[in-house]
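Student: Turn this into a model:
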Amino acid sequence: GDHFRYFVIACAGHHCQGLTKWFLNDEEVTVDGSNMVTTGPYASAAWLWFQEGVASETANATFVSECGGKWTTDHKGNGVAAIYAKFQMTEDVVQAGMPNITAEVEGKDDIDDPTGGAAGYTNLASRVFYDWMALPREEGGFGAYADEIPDDTYMAAQSNVCDETVNSEDRYTINAVITTGAPPAEIRDVMIVNCAGSYTYSGGKHLMRPGYWVPVSESLSEDDLAGPIQVSAFLPGDQAANEVQGTYIEPTNGYQGMPFATQSIVASDVRQMDLDLAFTTSKHQAERIASIMLNRAQAEKSVVWPMNIEGLKVKALDTVQLDTSRYGLSNYAFQVLNWGLSADWGVVLSLREENEDIYDAPSPVSAPSVPAIVVPDPMGGPVDPAEVGYTGDLGGNVQEAMDELETRTTSLRAMVRKAANQNTA
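Tutor: Okay, here's the model as predicted:
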């Protein structure tokens, strides 16, 4: 009981907003004003501190005074968010073993607000995306140059979309620990999927739009074509889907993956898409993303539209319509996926079918209601099926209810026969 063990765990290479919850072996614990744990198996024998990682930190005074010179006033950890933990090796702690120490942390707190507010903590998807894109690679970011980041007007529009309230929560958020070992392009793509976004690099800018309907801004005329168009009526096989399933991160399950409700369209053959929404901690958001991905997979048309100099007024990720009678294309809207100059100074647009219905919220998914079975006392004699009733709203699914009723009646008959046999034995 007179022995102590000390731990320092680096959480992030930047300043964090603060800590909201402590966990020891995945069990939430409370900590008092002296940093002592007051609940759980380690109560009164463990102390926890969170260092936010400001630019000029002060060494942990307890560690300096109790670690026999192994931790000094020079051990500050400037700019590093960290957990400090101390355990008294009581009999109970020794028997329980050293716990897994985790925490729920509000992360980076110097993210720019393109809408004009002060920089600070946020989990809005577009702001997190562009903050990480601008972060140097040696600090764990993508490493985009300053002139590759769109202006505040563009980023404010995307931020406002993410900040809209849907199902009592922000439309798109990103909540994750980003490790520095993963390829930056993979992290970028995961962020984009976790806000149902679209991305392109065009005009020297990294352009990302979260998933929402952008009204048509241009009508492109056949008169401005600079060559033959190319039309594809179907998506590649690996992109086609009529069912989307996958997982998201559930905070109430120890931040482990949980399945969201499968989004599907009735079809004779199942073409499945799997989503790993590792940066999404809301079931509602996960289901909205899955619904958007499913709906996009039904909008299969794509067009390559080569234009003359008039194409310069079209912007990547804008929505356009085609003023042409060919293939019925005038009946559809298209998103400009990519924009590039051809060898003869024409503008080549890569277009993907787009429509407002893609972004409709998914219908709530609920389990079918099974009527309650009302039966007489099984010891009162043989049961006539006509005496077995049900209560509850069938909700129009009468056949399903009657099938369930028949199954339970058969089971009840078997139970009555068994009881009768026991009485006569």
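
Student: which residue sits closest to residue 245, ignoring its sequence neighbours?
Tutor: Distances taken as Cβ to Cβ, 6 or more residues apart in numbering put residue 262 closest to residue 245, at 4.4 Å, once the chain neighbours are dropped. In short, each C-beta sits where N, CA and C put it, glycine included.

Student: what's the one you found in contact with, if anything?
Tutor: Taking Cβ atoms under 8 Å, 6 or more residues apart in numbering as the contact definition, residue 262 lies against 243-245, 290.

Student: Give me the phi and psi for it.
Tutor: Note on residue 262: backbone dihedrals following degrees, to the nearest 10 are phi -60, psi 130.

Student: Can you tell me the number of residues neighbouring residue 244?
Tutor: By other Cβ atoms under 10 Å, 25 other residues sit near residue 244.

Student: That one sits in which helix or strand?
Tutor: Element membership for residue 244, per DSSP states H and E: strand 243-250.

Student: on contacts alone, who are the packing partners of the helix or strand following that strand?
Tutor: Following strand 243-250 in sequence order, the next helix or strand is strand 256-259 (DSSP H and E). Taking 3 or more Cβ pairs under 8 Å, 6 or more residues apart in numbering; DSSP states H and E as the contact definition, the neighbouring helices and strands of strand 256-259 are strand 243-250.

Student: on that earlier part again, what sits up against the strand holding residue 244?
Tutor: Here strand 243-250 makes contact (Cβ under 8 Å, 6+ apart) with 175-176, 255-260, 262-265, 270-283, 285-286, 290-291, 293-294, 297.

Student: Any stretches of the stretch 1-150 of the chain with poor pLDDT?
Tutor: 1 (pLDDT under 70).

Student: What number of residues are in the vicinity of the residue lying closest to residue 54 once chain neighbours are set aside?
Tutor: The spatially closest residue to residue 54, leaving aside those adjacent along the chain, is residue 15, at 5.6 Å (Cβ to Cβ, 6+ apart). Residues contacting residue 15 under the criterion other Cβ under 10 Å number 20.

Student: got it, and residue 74?
Tutor: 7.

Student: my read: it touches residue 57, true?
Tutor: No. With contact defined as Cβ atoms under 8 Å, residue 74 does not count as touching residue 57 (11.0 Å).

Student: what residues are up against residue 126?
Tutor: With contacts taken as Cβ under 8 Å, 6+ apart, residue 126 has the following neighbours: 155, 158-159, 161-162, 172, 195, 208, 210.

Student: how close does it sit to residue 114?
Tutor: Distance of residue 126 to residue 114, computed by Cβ to Cβ, to the nearest Å: 9 Å.

Student: Neighbouring strands of the strand holding residue 244 in the sheet, and parallel or not?
Tutor: The sheet places strand 243-250 alongside strand 256-259 (antiparallel), strand 263-264 (antiparallel), strand 272-277 (parallel), with pairing taken from DSSP bridges.

Student: now the second one, how far from the centre of its chain.
Tutor: Centroid displacement of strand 263-264 relative to its chain, using Cα atoms, centre = their mean, to the nearest Å, is 17 Å.

Student: Now do the same for the residue nearest to the spatial centre of the chain: its pLDDT.
Tutor: For the chain, the residue whose C-alpha lies nearest the mean C-alpha position (Cα atoms, centre = their mean) is residue 280; its distance is 2.0 Å. According to the model's per-residue confidence, residue 280 sits at a pLDDT of 98.

Student: Same check on residue 360?
Tutor: Turning to residue 360, the model gives it a pLDDT of 90.

Student: Got phi/psi on it?
Tutor: Dihedral angles for residue 360 - degrees, to the nearest 10 - are phi -60, psi 140.

Student: which residues does it contact?
Tutor: Contacts for residue 360 (Cβ under 8 Å, 6+ apart) come out as 291, 295.

Student: And it, how far from residue 212?
Tutor: Taking Cβ to Cβ, one finds residue 360 at 11 Å from residue 212.

Student: Residue 40 now?
Tutor: With distances taken as Cβ to Cβ, residue 40 is found 44 Å from residue 212.

Student: Which ones among the contacts of residue 126 lie within strands?
Tutor: Taking DSSP state E, the ones among the contacts of residue 126 that sit in strands are residue 208.

Student: Kindly reformat the contacts of residue 126 as a markdown table containing distance to residue 29, neighbour count and pLDDT.
Tutor: Rendered in a markdown table, the data for the contacts of residue 126 read as follows (distance: Cβ to Cβ, whole Å; neighbours: other Cβ atoms under 10 Å; pLDDT from 0 to 100):
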| residue | distance to residue 29 | neighbour count | pLDDT |
| --- | --- | --- | --- |
| 155 | 39 | 20 | 98 |
| 158 | 38 | 25 | 98 |
| 159 | 36 | 23 | 98 |
| 161 | 38 | 20 | 97 |
| 162 | 33 | 23 | 98 |
| 172 | 32 | 30 | 98 |
| 195 | 33 | 31 | 98 |
| 208 | 39 | 24 | 98 |
| 210 | 36 | 23 | 98 |
